[in-house]
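Visitor: Sequence first, then the predicted structure:
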Amino acid sequence: MIDDVAPGPYAFGARGRNARGIWSDWAWAGATAVQGENAPPGAITGLSVQASGGAVAMLRWDRHPSLDVRQGGRIEFRHAGALSGATWQSSTGIGKAVSGGVTEATLPLKSGTYLARAHDAMGTPGPVSGIAIRAASIIPTTTVVTLAEAPDFAGAAEGCRAAGGVLAMAPGQTRAIYAFAGRIDLGRVQPVRLITDIELLISEAEDLFWQPSGTAMWTPPDARLWQGSTDAYGDVDLQVSLTDDDPAADPAWGPWQSFDAADFPARAFRFRAILSVESPDYTIGITGLTVTALQAA
């Protein structure tokens, strides 16, 4: 028996050796495709998080025992602002997935819960592990401005709708764009740290009921009664565009760039959220969408 081999095509052969150490010829079987384990990989264990430098979260965990994860698999991460009760479907992606064989990752530092999940080489996900942290820094900071789009969501929406305090993807859509109604103007070019905070639920599309008028009937706190999907097959990517010019005039805006918690030097900032799901079978409902700008005190 050959124990624990990576998935892929193999040609298996065998040969014997006598007491004098002389080998026989090889006998070969036909080519075989090893599909890997049918069972999902186990949960990540030993997950811990440490804040470093006031801007970086260092996550560490035990080496995953499954070869299907270590060879060809990956570890994915998501983040939720809640310190307890966070789930995969109520969180957003943060950072990039790492190879299943590594045991640490560096991510942007944000208060809340970091979630980690192993996927094997076939893409099968395992259980979710989480660790909560309150972001702290030895460098004092002060809040310059907080830009909150909920509950009105008065910005321009493409492929999504706002109703009852919820920004939800329109039926049949797999991608939507929401441009913030508000912007941040610091009055002059200066550095700030921008931190995102998103409250959402990713669920199966048929769970979302629509009135004849086309507006969503799902409204908080009723949304919490929804069971939703056990997996998250979508994400919200918050993006920022910068300018050193007066935003009230004719500013030259820079390109859009994704961020979770990062430092930017500029005068003014505009924001948008990119909502995406794997297929029309899933939808995203956002109940909180906030950007906070911090500076050293």
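Guide: Right, received. Where do you want to start? Here the structure is a predicted model, which means the values were calculated and not measured.

Visitor: ok, the residue lying closest to residue 235 once chain neighbours are set aside - contacts?
Guide: Nearest residue to residue 235 in three dimensions, chain neighbours excluded: residue 93, at 4.7 Å (CB to CB, 6 or more residues apart in numbering). (C-beta placed from N, C-alpha, C; glycine too.) With contact taken as CB atoms under 8 Å, 6 or more residues apart in numbering, residue 93 is in contact with 76, 77, 78, 79, 235, 237.

Visitor: what sits opposite residue 93 in the beta ladder?
Guide: residue 78 (DSSP bridges).

Visitor: likewise residue 32?
Guide: Bridge pairing for residue 32 - DSSP bridges - gives residue 10.

Visitor: Run through who's touching stretch 242-257.
Guide: 183, 185, 189, 239-241, 264, 266-270, 272.

Visitor: quick one on the thing from earlier: name the nearest of the contacts of residue 93 relative to residue 290.
Guide: residue 79 (13.8 Å; CB to CB).

Visitor: Contacts only, for the closest one.
Guide: Per CB under 8 Å, 6+ apart, neighbours of residue 79: 91, 92, 93, 94, 107, 110, 112, 113, 114, 115, 260.

Visitor: how about the strands in the stretch 1-150 of the chain?
Guide: Applying DSSP state E, counting those that start in this stretch to the stretch 1-150 of the chain gives strands spanning 8-14, 27-34, 48-52, 56-60, 74-80, 92-93, 98-99, 104-108, 112-119, 125-133, 141-148.

Visitor: How far does the last one sit from its chain's centre?
Guide: Right, strand 141-148. 24 Å (CA atoms, centre = their mean, to the nearest Å).

Visitor: partners of the next helix or strand after it in the sheet?
Guide: Using DSSP states H and E, the helix or strand that follows strand 141-148 in sequence is strand 157-158. In the sheet, strand 157-158 lines up against strand 175-179 (antiparallel) (DSSP bridges).

Visitor: avg pLDDT for the partner strand?
Guide: Strand 175-179 shows a mean pLDDT of 98.

Visitor: How about residues contacting it?
Guide: For strand 175-179, using CB under 8 Å, 6+ apart, the contacting residues are 149, 153, 155-160, 167, 169-170, 270-277, 284, 286, 289.

Visitor: Restrict those to the buried ones and give me that as a PyMOL selection.
Guide: Buried members of those, defined by 16 or more other CB atoms under 10 Å, are picked up in PyMOL with:
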select buried, resi 149+153+155+157+159+160+167+169+270+271+272+273+274+275+276+277+284+286+289
